[in-house]
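Colleague: Have a look at this prediction, sequence included:
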Amino acid sequence: PRDDFPVIVEGDLPTSFELPARVLAELIDRTRFAISTEETRYYLNGIFLHVTDENEPLLKAAATDGHRLARFTLARPEGAAGMPDVIVPRKAVGELRKLLEEALDGNVLIDLSASKIRFTMGGEGGVVLTSKLIDGTFPDYSRVIPTGNDKLLKVDPKLFFAGVDRVATIATEKTRAVKIGLDQDRVTLSVTSPDNGTAAEELAAEYRADALEIGFNANYLKDILGQIDADTVELHLADAGAPTLIRENEASPALYVLMPMRV
């Protein structure tokens with residue numbers, strides 16, 4: 001009977017602001033691949049939204065599974081000042097992204113409290129999605145974003161993706177790591193598998209720093225490279241044991257951090 005239908009009691013949703021649907025869609029697309037699926041760390045099972053006011057007022061979205069981090073930054077929308085930090089669950093993110101596809105030309109009204117969030121698309125008579133938020137504390141992810149990585153690699157993300165993809169075909173479950181050798185203006189990609197031997201490939205790139213070898217999970221690296229629509233991607237590296245910062249350029253709203261693997 002309809003009386004059994006669960007009702008979400010929204011209560012008061014004191015924060016209210018609007019975002020263009022296209023911006024919200026891009027925010028989701030650039031971060032959701034990094035959402036953790038590990039249920040024990042339930043507070044990582046969503047996209048973290050929070051406002052900061054260091055140099056300028058910003059709204060930031062972040063997702064991480066401990067191996068990689070994705071962050072998307074935009075100017076703080078009017079009305080978002082003072083909003084609570086919230087974690088939007090993975091399932092709600094997926095449903096929201098589907099609904100946005102039908103409403104990309106409009107704005108989305110976002111109302112939220114510390115425990116619930118409501119997205120209204122398509123104006124009057126549009127679609128409303130209400131979700132509970134994850135009751136947990138997202139870690140201070142800014143600590144893992146490297147600031148002093150002084151080795152800069154610039155490379156075509158599509159060529160890099162294709163090269164990683166090719167050498168990784170011989171990788172087994174245990175050896176998902178692709179080894180990246182950096183030297184003056186060239187990148188060597190290699191994967192060694194006990195069963196299938198070694199695959200290697202060389203790419204032209206812009207690199208002027210000291211030679212370096214570092215390993216990454218091939219799938220994680222491809223996930224990030226697949227996000228970059230430009231002709232160039234920047235990888236800011238320190239050493240084989242430190243996280244690497246990946247972005248299109250300094251001005252791009254999306255930023256990624258990838259932890260290395262031993263190779």
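Modeller: Yes, it's here.

Colleague: where in the stretch 151-263 of the chain is pLDDT low?
Modeller: Applying pLDDT under 70 to the stretch 151-263 of the chain flags residues 174-175.

Colleague: in it, which spans are strands?
Modeller: 151-155, 177-183, 186-193, 197-204, 206-207, 212-217, 233-237, 244-247, 254-258 (DSSP state E, counting those that start in this stretch).

Colleague: what's the fourth one in contact with?
Modeller: This points to strand 197-204. 155, 159-160, 163, 166-167, 169-170, 185-192 (Cβ atoms under 8 Å, 6 or more residues apart in numbering). The way it works is simple: take the backbone N, C-alpha and C, and place the C-beta from them, glycine included.

Colleague: Just the angle for that strand relative to strand 177-183, thanks.
Modeller: 40 degrees (axes from the mean of the first three to the mean of the last three Cα atoms, to 10 degrees).

Colleague: can you check the last one too?
Modeller: For the pair strand 254-258 and strand 177-183, the angle between their directions (the same axes, to 10 degrees) equals 110 degrees.

Colleague: per-residue confidence for the residue nearest to residue 83 when sequence neighbours are not counted?
Modeller: Residue nearest to residue 83 in three dimensions, not counting chain neighbours: residue 15, with 4.1 Å by Cβ to Cβ, 6 or more residues apart in numbering. In this model, residue 15 is scored at 98, pLDDT.

Colleague: how deep is residue 15 tucked in, by neighbour count?
Modeller: For residue 15, the number of neighbouring residues by other Cβ atoms under 10 Å comes to 18.

Colleague: wait, it sits on residue 113?
Modeller: Yes: taking contacts as Cβ atoms under 8 Å, residue 15 lies within contact range of residue 113: 7.2 Å.

Colleague: what residues go with each domain of the protein?
Modeller: With domains defined by automatic domain parsing, the chain comprises 8-144, 151-258.
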